[in-house]
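> fold the stuff below for me.
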Amino acid sequence: MISTAVKDLAAEALFVSYLQPSQSPSRVALEEAITAMILRYGSDGCAAGVAEEFGDHPEIAVRRMAWVHEELAEVAALRTPVLR
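Numbers count the residues shown, from 1 in each chain. Here you go, the predicted model:
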């Protein structure tokens, strides 16, 4: 189980990444973008980027964050073992 803090950091990192919903990124692309943004901006920088966008463009930021959570849910589902 992934902690809430790790999930939040991944969401913030993906939010500030260069990836766009129209690209339909693969799991690998998502993971690489998240890692790159964390290494580039750190947790505080990712959170600041999210806050800035929500302050400047709230209507767009809400849609982007919804996409982020959809993508992360799909990645988590792919990692969850299927019990038979």
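
> so where's this structure shaky on pLDDT?
Confidence mapping of the chain against pLDDT under 70 gives the ranges 1-2, 78-84.

> mind running it again at 50?
1 (pLDDT under 50).

> longest helix in this structure, by residue count?
Ranked by residue count and defined by DSSP state H, the top helix of the chain is helix 27-56.

> which helix or strand contains residue 74?
helix 58-79 (DSSP states H and E).

> quick one, the longest helix of the chain and helix 58-79 angle?
Relative orientation of helix 27-56 versus helix 58-79 (axes from the mean of the first three to the mean of the last three Cα atoms, to 10 degrees): 160 degrees.

> other SSEs contacting helix 27-56?
Here helix 27-56 touches helix 4-15, helix 58-79, going by 3 or more Cβ pairs under 8 Å, 6 or more residues apart in numbering; DSSP states H and E. Backbone N, C-alpha and C define where each C-beta goes, glycine included.

> most packed of those?
Counting by mean count of other Cβ atoms under 10 Å, helix 4-15 has the highest mean neighbour count of the helices and strands packed on helix 27-56, with a mean of 18.

> looking at the helices and strands packed on helix 27-56, spot the one closest to residue 44.
Nearest of the helices and strands packed on helix 27-56 to residue 44, taken as Cβ to Cβ: helix 4-15 at 9.7 Å.

> fine by me, thanks again.
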